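Visitor: please find the sequence and the predicted model below.
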Amino acid sequence: MQLLPNKLQLDILKRHIGPFIFCFCTLMFLLLMQFLILYIDLLIGKGLPLGVILELIITNLASMVVLAVPMAVLVASLMAYGKITELNELTAIRAAGINPIHVINPVLVASILLSIFLMWFSNDILPDANQRARSLFIDIRLKKPGFDLKENEFYDGIDNYTFLVKEITNESDSLRDVTIYQHPTRNRKEAYIKAERGRLASKQSGQTLTLFLNNGSVLRKLDRRQRGKLVDVFEETKFDRYRISFDLSDLAFSRSNPADRSRNDRTMNIQAMSSVVDSLKNQIEKQKKHIIKNKNFIYPTLTRINTGRNKESELKQSKIDSADSPYESQFLALQRLESKKEQVKLHEISLMKLRNYKSFIEDIVSDTQWRFEKIAQYLVEIHKKFSIPIACIVFVLLGAPIGMYTKKGNLGYAALIGTVFLTFYWISIIQGEKMADRLFISPFTGMWLSDIILGAIGLIMVISISTPYKLSKLWKHRD
């Protein structure tokens, strides 16, 4: 009797492998297509090497793996356990005296191991992959489009030149009716170049492009002095052959070292983010102590400090009075002075110090608020590296009993039910992250709430399907 559960559990695991691999590959394909659709404009039209495009795709696959694995676990659980029930195997298992929990245990253990793997992957592999992808994205955005002349369209991709070509033949090598505007620089004057024909040639390195022109003219703008004044003079020169060389080094794609770029919360591991969080908390504590130690203000002896504006206007008006008798003030410090001039001076100094202190407090509040938001962002990423892998366990607890209840093991039912729960899960994760970043909720709540809710539902369903205990007995017993 002990061998039967082992063989049965092994058979259950085998039934999960096929649906899991199929769902994982399908989801990875869909996520990859979404990525390509979003960034196709960035990749096309810049003459990027194929290796760079492949590297960008591969580095972004790491983040897709973390998303696709939990989703594949849910769909595979729905399909495998739905098939078991559909073929009445669950009924046979119960008739043999085997608790359905023994059917769930092997997949649950596998999901725990898969969660541990995803935690390691999210902490050790994903940050470096995100950093390389981020650095590569920046390099691509900084690259200028390649030299791409088109008929009857202005092209200004090369610094200090604007091209207009009426006709291009022989795979863009031969040009007809060429017009070039040469922008003025320190070393040369403004010029207009026109030619009937032209031909493009480049060296093997691709860093220099030479344009050979035939039968044209160059109209240059010269500065001449007439009667002590600068006058614009245009000089036209005819030519049979004319050659211009362009430096294309700025158009070439150049790679930067990802290690030289700063890292953010998505490109750091848990240890680095925890260190940053501790540093930010220490800075907040230092600011609190700085506020307490700061004595650069005056403590008023009366609570009606908000009447300072009215008293300030009265004191300024008192300057006009010729009498130098002290003003009857509500502030003890002003009452001790013997002349209005001293009172006015002390009053102005006090207001200035209080305004400076208010500005000082506002700056600290703003800095502290920024640091709290940064702490929340890092804590969100730390919790995310655990909550998403743990979703593999949650989805087994949820998918196994639902699959048994539905008694349908085809992909359609599994995809439909999985879409409902996955939509709820990812909306909760995304909105929870946004609300936690804005300090509306705690990072723990934002990242773990959906796991707790779905896990509790799944656990209740597992208990219901594997034991005679029913929740309905709670309120039936009360009646």
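Guide: Thanks, I have it.
Visitor: contact partners for C23?
Guide: By CB atoms under 8 Å, 6 or more residues apart in numbering, the residues touching C23 are M71, A72, V75, A76. In short, each C-beta sits where N, CA and C put it, glycine included.
Visitor: nearest residue to it in space, please, no chain neighbours.
Guide: A72 (4.0 Å; CB to CB, 6 or more residues apart in numbering).
Visitor: thought that neighbour was touching G18?
Guide: No - under the criterion of CB atoms under 8 Å, A72 is not in contact with G18, lying 11.4 Å apart.
Visitor: just want to know which of the two has more residues nearby.
Guide: Applying other CB atoms under 10 Å to A72 and G18 shows that A72 carries more neighbours, namely 25 against 12.
Visitor: ok, the more buried one - contacts?
Guide: For A72, the contact set (CB under 8 Å, 6+ apart) comprises F20, C23, F24, L27.
Visitor: okay, now the domains of the chain?
Guide: Following the assignment in automatic domain parsing, the chain carries domains at 3-138+382-478, 161-251, 292-377.
Visitor: any chance of a markdown table for those domains, columns distance to Q271 and mean pLDDT?
Guide: As requested, these are arranged in a markdown table below (distance: least, CB to CB, whole Å; pLDDT from 0 to 100):
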| stretch | distance to Q271 | mean pLDDT |
| --- | --- | --- |
| domain 3-138+382-478 | 8 | 85 |
| domain 161-251 | 40 | 80 |
| domain 292-377 | 16 | 68 |
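Visitor: so for E151, which of these sits nearest?
Guide: Nearest to E151, of all the domains of the chain, is domain 161-251, at 5.4 Å by CB to CB.
Visitor: what about the helices in this protein?
Guide: 3-43, 50-86, 89-95, 101-120, 126-142, 270-293, 308-318, 332-335, 340-406, 411-437, 443-466, 472-478 (DSSP state H).
Visitor: what about the spatially closest residue to F386 that is not a sequence neighbour, how many residues nearby?
Guide: Among residues not flanking F386 along the chain, M119 sits closest, at 6.3 Å (CB to CB, 6+ apart). When neighbours are defined as other CB under 10 Å, M119 has 16 of them.
Visitor: equivalent analysis for A415, please.
Guide: The number of residues near A415, taken as other CB under 10 Å, comes to 15.
Visitor: equivalent analysis for E362, please.
Guide: Each residue near E362 was counted by other CB under 10 Å, and the total is 10.
Visitor: ok, I40 next?
Guide: Residues lying near I40 (other CB under 10 Å) number 10.
Visitor: just want the phi and psi numbers for M268.
Guide: Backbone torsions for M268, taken as degrees, to the nearest 10, come to phi -120, psi 150.
Visitor: for the closest residue to it other than its chain neighbours, give its distance to M64.
Guide: Leaving aside its sequence neighbours, M268 sits nearest to P127 (CB to CB, 6+ apart; 5.6 Å). Applying CB to CB, to the nearest Å, the value for P127 to M64 is 15 Å.
Visitor: can I get the CA coordinates of stretch 385-395 in PDB?
Guide: Taking C-alpha atoms only, stretch 385-395 is exported to PDB below (Å, rounded to 0.1, in the frame of the first residue of the first chain):
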ATOM      1  CA  LYS A 385      11.400  39.200  -4.700                       C
ATOM      2  CA  PHE A 386       9.600  37.000  -2.200                       C
ATOM      3  CA  SER A 387       5.900  37.500  -2.900                       C
ATOM      4  CA  ILE A 388       6.000  36.600  -6.700                       C
ATOM      5  CA  PRO A 389       7.900  33.400  -6.200                       C
ATOM      6  CA  ILE A 390       5.600  32.400  -3.300                       C
ATOM      7  CA  ALA A 391       2.700  32.800  -5.800                       C
ATOM      8  CA  CYS A 392       3.800  29.400  -7.200                       C
ATOM      9  CA  ILE A 393       2.800  27.800  -3.900                       C
ATOM     10  CA  VAL A 394      -0.400  29.800  -3.700                       C
ATOM     11  CA  PHE A 395      -1.400  28.900  -7.300                       C
END
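Visitor: from the chain's centroid, how far away is it?
Guide: Between the centre of stretch 385-395 and the centre of its chain there are 21 Å (CA atoms, centre = their mean, to the nearest Å).
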